[in-house]
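[1] next one to model:
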Amino acid sequence: MKSISYRELKKSEISESLFANFNRYQNVEKCWRKENGEWILKDIAFTEQWGSDEYKVLIKCLQNTVKTGGTVFGAFSDNVLVGFASIESQFWGSQKEYIQLSSIHTSYECRGMGIGKELFFLASKKAKEMGAQKLYISAHSSEESQAFYKALGCVEAVEYNKKLVDEEPYDCQLEYRLLI
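    Residues are numbered from 1 along each chain as shown. Now for the predicted structure:
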């Protein structure tokens, strides 16, 4: 594989053809659950594999992110999308210090190459430039996803975004402090 290039995506680029070779696959064995105030790793197994319906929803969401002032980053190998991340433009929280990292994914065959990490730091840099103090992540509760975020320095969010919790009650609500 050649080197990976990263760039912001325009709304017009975000289409089905962009995701034609993207493989959002994950075999999950264990997930984190909060019970009685404690985080417990539980045996919860399932396979996640996006199909055309999931990509159609994703495309609409990412186009809306750009349309409303957010940013979508793409990671490319030989002009093929191998990773992407998005941040929204709306500030929220009691001090209006949070901006949401609304998505971050690396194509299955490219995981473990540092692509997700680079996308995370590009999103963090952009959020900081926009004036955010914290990045908010409603993150998949799988053992692997949580290990990724914790390795980057994410911690349980001080404030929870009720709308995101209601949409995905099993997600772990995380934050990443953007150093000033």
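
[2] show the pLDDT at the residue of the chain most remote from its centre.
    For the chain, the C-alpha farthest from the mean C-alpha position belongs to residue 36; by CA atoms, centre = their mean, that distance is 27.0 Å. What the model reports for residue 36 is a pLDDT of 93.

[3] run through who's touching the helix or strand where residue 121 lies.
    For residue 121, the host element (DSSP states H and E) is helix 115-129. When contacts are defined by CB atoms under 8 Å, 6 or more residues apart in numbering, helix 115-129 is touched by residues 4, 6, 71, 73, 75, 82-87, 99, 101, 104-106, 135, 148, 152, 176, 178-180. Every residue, glycine included, has its C-beta placed from N, CA and C.

[4] which among the residues you listed end up buried?
    4, 6, 71, 73, 75, 82-87, 99, 101, 104-106, 135, 148, 152, 176, 178 (16 or more other CB atoms under 10 Å).

[5] now, these that are in strands?
    Among these, the ones falling in strands (DSSP state E) are 6, 71, 73, 75, 82-87, 99, 101, 104-106, 135, 176.

[6] show me where this protein dips below the pLDDT cut-off.
    Residue ranges of the chain with pLDDT under 70: 1, 180.
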